[in-house]
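Colleague: Got a predicted structure plus its sequence, pasted below:
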Amino acid sequence: MNSEDVKVIKALLSKPKRIVIVPHKNPDGDAIGSSLGLWYYLKLIGQEARVIVPNDYPRFLKFLPGTPEVLNFERDNAAAMEYLNSSDLCFTLDFNQLCRVGQMTPILEGLGSTFIMIDHHQAPDSYAKITYSDTKMSSTAEMIYNFISSLGDANKITSEIAECLYAGIVTDTGSFKYSSTSSKTHQVAADLIDKGANSFEVQNKIFDTNTPDRLKLLSCALKNMVILKNYNTAYMSLSQAELDAHNYKKGDTEGFVNYGLTLQDIRFAVIFIENKEEGIIKISFRSEGEFSVNEFARNHFHGGGHTNAAGGKSDNNMEETVKHFEALLENYKEQLTR
């Protein structure tokens, strides 16, 4: 954040406010960790604050402190609406377009609150009074650490804040494996451990809580894998019937797409997941090197994200979606094979 933004934020927080914190729809570990970390900080400095998620999030993240205080817009709609409509200040975390909050979009668009965006994805919209956007950051959780530090309050980070932010960093860096992980990321993580984050517990509860159904679903996805050697590309697919047969729970397919990149010479990995309820095919894209899945998703599948990790969707059925995807690859052959 620049010095002018810091001054404005300090002025906004100098008096009691009713603050709402909103992550994106289908919140992941970074969205939840950064939201809860910020929530604890705002409460600590005397502000009234609530985290309102557009919909539910994976059970393996519900060990995080503060979880019982989170309002689910779908489940707790009346309480969420009351709080939103009376809020003075709205932090939007880990997304940069209001369409990313699903059915909450028209609500946020109609709010009279002051908006502050904190996010690390590309191409932010201009809805916020303060936009703290940095695509080089590993995670929004790392940005929340910087946000607190910029306000001169790094020494106020409690063990609860540290645990939440550490969880956000760990999930969005793939345990510090992804290219967005910098030396500063490691320094921040180390400081969070010093301030009380339990590294072993966080990583164990996020990554080592498989159920038999989830492992069998992974096996199903791997059996469905298609390898296109001419394009250094691998993709998997899961139908709604396959999800149902394995008692799918939200978050069960987290990380599946990354298996494609473990194959030698594969530079582009994709997973297509059918969602009959929403009438879409949800798509996750991953890449290695300079091939931008953010641009690919934005140009062809109503999505976006980062250079090496992005999401998208298709309104067509699975067969049509996969056929369209395969046809597009010829246009990117040079980028994928050079």
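Modeller: Okay, I see it.
Colleague: switch to C-alpha atoms for all contacts and neighbour counts from now on
Modeller: Noted.
Colleague: Could you pull up the contacting residues of Gly196?
Modeller: Residues in contact with Gly196, defined by Cα atoms under 8 Å, 6 or more residues apart in numbering, are 158-160, 162-163.
Colleague: same question, Leu89
Modeller: 17-20, 113-116.
Colleague: buried ones in stretch 8-21?
Modeller: By 16 or more other Cα atoms under 10 Å, the buried positions in stretch 8-21 come out as 9, 13, 17-21.
Colleague: let me redo that: stretch 297-316
Modeller: So stretch 297-316, judged by 16+ other Cα under 10 Å, has buried residues 297, 301, 303-314.
Colleague: ok, now stretch 274-290?
Modeller: Buried, per 16+ other Cα under 10 Å, within stretch 274-290: 274-275, 280-288.
Colleague: ok, of these, which one's closest to Leu61?
Modeller: Using Cα to Cα, Ser284 comes nearest to Leu61 of the buried residues of stretch 274-290, at 20.0 Å.
Colleague: I'd like to know how far that closest one sits from Gln187.
Modeller: The spacing between Ser284 and Gln187, counted by Cα to Cα, to the nearest Å, is 29 Å.
Colleague: Could you do Val6 as well?
Modeller: For Val6, the distance to Gln187 - Cα to Cα - is 22 Å.
Colleague: how far does the worst-scoring helix or strand of the chain on mean pLDDT sit from the chain's center?
Modeller: Ranking every helix and strand in the chain by mean pLDDT, DSSP states H and E puts strand 304-305 at the bottom, with a mean of 87. From the chain centre to the centre of strand 304-305 is a distance of 11 Å (Cα atoms, centre = their mean, to the nearest Å).
Colleague: Okay, now the sheet partners of it, with direction.
Modeller: Here strand 304-305 is paired, per DSSP bridges, with strand 309-314 (antiparallel).
Colleague: Tell me where the stretch 1-150 of the chain has helices.
Modeller: Along the stretch 1-150 of the chain, counting by DSSP state H, counting those that start in this stretch, helices occupy 3-12, 29-44, 77-85, 105-110, 140-150.
Colleague: Switch those over to JSON lines; also include distance to Ser219 and mean pLDDT.
Modeller: As requested, the helices of the stretch 1-150 of the chain are arranged in JSON lines below (distance: least, Cα to Cα, whole Å; pLDDT from 0 to 100):
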{"stretch": "helix 3-12", "distance to Ser219": "48", "mean pLDDT": "95"}
{"stretch": "helix 29-44", "distance to Ser219": "24", "mean pLDDT": "98"}
{"stretch": "helix 77-85", "distance to Ser219": "37", "mean pLDDT": "97"}
{"stretch": "helix 105-110", "distance to Ser219": "36", "mean pLDDT": "96"}
{"stretch": "helix 140-150", "distance to Ser219": "32", "mean pLDDT": "98"}
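Colleague: Can you tell me which of the ones you listed is packed in deepest?
Modeller: Most buried of the helices of the stretch 1-150 of the chain, by mean neighbour count (mean count of other Cα atoms under 10 Å): helix 29-44, with a mean of 25.
Colleague: Just the C-alphas of stretch 232-246, formatted as PDB.
Modeller: Taking C-alpha atoms only, stretch 232-246 is exported to PDB below (Å, rounded to 0.1, in the frame of the first residue of the first chain):
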ATOM      1  CA  ASN A 232       2.200 -30.900 -23.300                       C
ATOM      2  CA  THR A 233      -1.200 -30.900 -21.800                       C
ATOM      3  CA  ALA A 234      -3.200 -33.200 -19.500                       C
ATOM      4  CA  TYR A 235      -6.800 -32.900 -18.400                       C
ATOM      5  CA  MET A 236      -9.200 -34.700 -16.100                       C
ATOM      6  CA  SER A 237     -13.000 -34.700 -15.900                       C
ATOM      7  CA  LEU A 238     -15.600 -35.600 -13.300                       C
ATOM      8  CA  SER A 239     -19.300 -35.900 -14.100                       C
ATOM      9  CA  GLN A 240     -22.000 -35.100 -11.600                       C
ATOM     10  CA  ALA A 241     -22.800 -38.900 -11.500                       C
ATOM     11  CA  GLU A 242     -19.200 -39.600 -10.500                       C
ATOM     12  CA  LEU A 243     -19.300 -37.000  -7.800                       C
ATOM     13  CA  ASP A 244     -22.500 -38.400  -6.400                       C
ATOM     14  CA  ALA A 245     -21.200 -41.900  -6.500                       C
ATOM     15  CA  HIS A 246     -18.400 -40.900  -4.200                       C
END
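Colleague: Done for today, thanks.
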